[in-house]
Structures are given as C-alpha cells and as structure tokens.
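Asks: sequence-free structure coming up:
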C-alpha cells in the first residue's frame, strides 16, 4: 500500500513539522491537527515551556524519519500545494538540501492545508530534508521526487468532519 513509485528514488532523510503556540491556544487541538496532517500520531511531541518574558509557550513538533511515512505526509498536502512547491522550488530549496515551507495554522486546525508566508499569522513550519549523493543534481532529484508524489497526492479527510 505504501510502495515506492516506480523509477523514482525517494531520497528523503527526514521531515520535521514545528509549531510554536502561545499559552492561550489549545495545544492539544493543534497537536491533533498536526497528527492528522503528518499521519504519524506517535511522532508528535508537545513541550510546555515559558518564553523569555515568562509567558507560557507550547512547542509542538513532529519528526518523521521513515521514507514511506514521509511520502504519505507529503502526498497529504494535495496536488495544488505540491504544484506550488514545484513552481517555487528555486526559492524554497536551500544549500542544506532541505525544502522549507509554511502552512497556515488556523486553516490547518480547520482541516484545510494552505501554504503561508512568514509574517504575522501563526504557521506550521516544515523542513523536508533530502539525502544528497555525490554527482547528483539535488534540485533535479527534489523536483523528480515531488513530481512523483504529485501523482499520488490527495488531501486527507478529517476523521470527525461532517459535510456542511
């Protein structure tokens, strides 16, 4: 069921999701949304701490290292978002062989996956790290991997979401 697409090497190292939420936000709701997105509930870590100024802060993270789970999580982003990432590959792929992007947190909690830019809105920060091998064109490998995932991409349905 989670087989590798034919002809494409999926050189994923890991996928990390990070959310910083204030003490006023419902950290369990955010953790549930992140779990739904990544499909790996056991990967969710919740840390309650204090900011530099003493207010409560929740750090919610997920780090996925298995390639099959990474493929599934990235496919869950849906075809539109994956197309956008492909079009913006040059600005999102950094020298550390990682693809960076953000999702709108408010929409994620509502079951919608929307790409966001840094700024005033709360976001889920994503870092998709690729393995780099000597002699490979990293950009082409990333492009081929995302293109392959685009073919199987679909947006997951919230478990308790009823039709409105």
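Replies: Looks like it came in fine. Everything numeric here is computed off the predicted structure, so don't read it as measured data.
Asks: And the next helix or strand past the lengthiest strand in the chain?
Replies: Longest among the strand segments of the chain by residue count, using DSSP state E, is strand 12-22. Per DSSP states H and E, the first helix or strand lying C-terminal to strand 12-22 is helix 27-38.
Asks: in the helix or strand just after that following helix, what's buried?
Replies: Helices and strands here follow DSSP H and E; after helix 27-38, the next one along the chain is strand 44-50. For strand 44-50, burial by neighbour count (16 or more other Cβ atoms under 10 Å) applies to residue 44. C-betas here are computed from N, CA, C, even on glycine.
Asks: State the helix or strand in which the residue nearest the centre of the chain lies.
Replies: Centroid check for the chain by Cα atoms, centre = their mean gives residue 126 as the closest residue, at 4.6 Å. Residue 126 is located in strand 123-130, with elements delineated by DSSP H and E.
Asks: Repeat that for residue 146.
Replies: Here residue 146 is assigned to helix 138-152, by DSSP H and E.
Asks: ok, now residue 103?
Replies: Assigned by DSSP H and E, residue 103 belongs to strand 98-104.
Asks: Okay, now the unreliable bits of the chain?
Replies: Scanning the chain for pLDDT under 70 picks out the ranges 1-10, 154-164.
Asks: if you set the cut-off to 80 instead, what comes out?
Replies: Applying pLDDT under 80 to the chain picks out residues 1-10, 118-120, 132, 152-164.
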